[in-house]
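# Here's a sequence, model it:
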Amino acid sequence: MVAAHEVVLPFVLAAVIAYVLTPLVVIVERPRVRRGYAVILVYIVVLGSMAGFVRIISPRIAYEFGKLRLELPTLANEARDTWVPAIVDRLRAVGIAPSPPSAAEAPEAAPTSAFVARPLPDGTLAIDVGTGARVVETKDGWLVEAAPERREVSFDPNRLVADAIGRSFAYARQNSLEIARLVRDLVSTVSRTIFIFFLTLMLAAYMMITRDHVNSFFRSLVRPSGRAAFDALLRRIDQGLSGVVRGQLVICGINGILSAIGFAFVGLKYWPVMALVAAIFSLVPIFGSIASAVPAVAIGLTQGIPTAFFVLGWIVGIHQLEANLLNPKIMGDAAKIHPVLVIFSLLVGEHFFHVVGALLAVPTMSIAQSLFLHFRAETETRE
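Numbers count the residues shown, from 1 in each chain. From the prediction side, this is the model:
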């Protein structure tokens, strides 16, 4: 495990997929369908449903992203001209930010004329060049010319894209060999991702088809006198993981649906995108919920304070419903992990394995908690 940790991820993901889909395979098996055909049927239904859902919502998501890109300059200007001054005024009111300089302390305004003559104490004149002209040194002497007009630079995504494309082509002309290496690495990464995806599905299928043999093998490693305790440990782990993995997926779906209803009701801009973000971010407990609320509230602020407060209140209401009703009913008591342990596992997982570690941190903590509770109960029973 330590030496091959870089290639363990497909096996871990396959185990998660197998664990999530095994109940569906069991249901399909009941009408006397062979397990291999049941796995194929479940794959077709699940993957087909996901592909159909993506195909249905992708035009609307693309349309909303297009609108967001076009309105980014307006949002940036509003943040610069409205939000930032308001925040600075509030900070000044509480004494955190410095007050603006008074008229007496304000620096002297720069001259607006092209040339300004100032008398010096020795009787000579000093000629200052103003903002309307500039002096350029040439091989024949000094040249006085009109200063170029300064224009305020505004955020223009189209200009940024055009500049980026221009710089990319210039870079490509000068670094063709490096571009070839980047293309090769990109093709290799895409090919490896596709390979790992199908390999993960194949591994998950093998795990679901041979789950009885896998359980029997691990059970055979335990002495006959300890197999009853081993079965109890597996039941405890299953109860915890069932809530953490399957329950969290169900809660993510409910979270996305409720977010979409509330956002659409208040007329929040880009509400399909914000609801999708809320559903996906809910895969990571605590931090995901906080992160998903930030863009929705920020968009609500552009439509007014009441809209932003409604969005914030709706999100808080969803999470209260999740914490007090959905978690106990869907996840169950066996899946309860103390919030401090959840935060600790998320930080550790993200630190060592980044996004994948954050996604798998809570299930790993659930298994560790189940092991601890089981051996503590066994110790108490022996005493």
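
# Leu47 versus the most centrally placed residue in the chain, what's the distance?
Centroid-nearest residue in the chain, with Cα atoms, centre = their mean: Phe281, separated by 6.1 Å. Using Cβ to Cβ, to the nearest Å, Phe281 is found at 23 Å from Leu47. C-betas here are computed from N, CA, C, even on glycine.

# Please apply the same query to Gly247.
Plainly put, Gly247 is 22 Å away from Leu47 if you go by Cβ to Cβ.

# between the two, which one's more packed in?
Using other Cβ atoms under 10 Å, the more surrounded residue of Gly247 and Leu47 is Gly247, with 18 against 11.

# So for stretch 121-131, mean pLDDT?
Here stretch 121-131 scores 67 as its mean pLDDT.

# same check, this time on stretch 336-343
Mean predicted lDDT for stretch 336-343 stands at 79.

# Quick check: what element follows the helix or strand bottoming out on mean pLDDT in the chain along the chain?
Among the helical and strand segments of the chain, the one scoring lowest on mean pLDDT, DSSP states H and E is helix 157-174, with a mean of 59. Downstream of helix 157-174, the next assigned helix or strand under DSSP states H and E is helix 176-209.

# what about that next one, average pLDDT?
The average pLDDT within helix 176-209 is 82.

# tell me the angle of the helix or strand just after it relative to helix 176-209?
Using DSSP H and E, the helix or strand that directly follows helix 176-209 along the chain is helix 211-220. Relative orientation of helix 211-220 versus helix 176-209 (axes from the mean of the first three to the mean of the last three Cα atoms, to 10 degrees): 80 degrees.

# helices or strands next to helix 211-220 in the packing?
Packing partners of helix 211-220 (3 or more Cβ pairs under 8 Å, 6 or more residues apart in numbering; DSSP states H and E): helix 227-241.

# So which elements touch the helix it packs on?
Under the contact definition 3+ Cβ pairs under 8 Å, 6+ apart, helix 227-241 sits against helix 211-220, helix 339-382.

# What lies in contact with the first one?
When you say that, I think you mean helix 211-220. Residues from elsewhere that reach helix 211-220, judged by Cβ atoms under 8 Å, 6 or more residues apart in numbering: 18, 22, 207, 227, 230-231, 234.

# Please state the offset of it from the chain centre?
Chain-centre distance of helix 211-220: 38 Å, with Cα atoms, centre = their mean, to the nearest Å.

# What is the nearest of the contacts of helix 211-220 to Arg376?
Arg376 has its nearest neighbour among the contacts of helix 211-220 in Phe230, at 16.0 Å by Cβ to Cβ.

# in what helix or strand does the residue lying closest to that closest one once chain neighbours are set aside lie?
Excluding its sequence neighbours, the residue lying closest to Phe230 (Cβ to Cβ, 6 or more residues apart in numbering) is Val222, at 4.6 Å. For Val222, there is no enclosing helix or strand under DSSP H and E.

# how much space between Val222 and Arg30?
Counting by Cβ to Cβ, the gap from Val222 to Arg30 is 30 Å.

# Mind checking which of the two has more residues around it?
Counted by other Cβ under 10 Å, Val222 and Arg30 do not tie: Val222 has more neighbours, with 14 against 8.

# I figured that one was touching Asp231, is that so?
No. With contact defined as Cβ atoms under 8 Å, Val222 does not count as touching Asp231 (9.2 Å).

# and the strand or helix carrying Val20 with helix 339-382, angle?
Using DSSP H and E, Val20 sits in helix 9-29. Taking the same axes, to 10 degrees, one finds helix 9-29 and helix 339-382 inclined to each other by 70 degrees.

# how far does stretch 204-219 stretch from start to finish?
Distance between the boundary residues of stretch 204-219 (Cα to Cα, to the nearest Å) amounts to 20 Å.

# Can you give me the buried ones in that stretch?
Within stretch 204-219, the residues scored as buried using 16 or more other Cβ atoms under 10 Å are 204-205, 207-209, 211.

# And stretch 21-39, by the same measure?
For stretch 21-39, the neighbour count (16+ other Cβ under 10 Å) marks 21-22, 24-25, 28-29, 35, 38-39 as buried.

# what does that stretch contact?
With Cβ under 8 Å, 6+ apart as the test, stretch 21-39 has contacts from 41-42, 45-46, 204-205, 208-209, 211, 246.

# Just give me the closest of those to Arg192.
Nearest to Arg192 among those, with distances taken as Cβ to Cβ, is Ala204, at 18.3 Å.

# Pull up the gap between the closest one and Gln239, please.
Distance from Ala204 to Gln239, counting by Cβ to Cβ: 22 Å.

# quick check: domain ranges of the chain?
Following automatic domain parsing, one finds the domains of the chain at 116-146, 222-383.

# of all those, which lies closest to Leu182?
Using Cβ to Cβ, the domains of the chain put domain 222-383 closest to Leu182, at 22.1 Å.

# can you give me the offset of that closest one from its chain's centre?
Chain-centre distance of domain 222-383: 15 Å, with Cα atoms, centre = their mean.

# any idea of the pLDDT on Arg227?
Per-residue confidence (pLDDT) for Arg227: 87.

# And Arg151, by the same measure?
54.

# again, but for Tyr43
The model's pLDDT for Tyr43 equals 91.

# host element of it?
helix 35-78.

# if we can go back for a sec, how about a markdown table for the contacts of stretch 21-39, with distance to Val294 added?
What follows is these, written out as a markdown table (distance: Cβ to Cβ, whole Å):
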| residue | distance to Val294 |
| --- | --- |
| Leu41 | 41 |
| Val42 | 37 |
| Val45 | 35 |
| Val46 | 31 |
| Ala204 | 34 |
| Ala205 | 39 |
| Met208 | 39 |
| Ile209 | 43 |
| Arg211 | 41 |
| Arg246 | 28 |
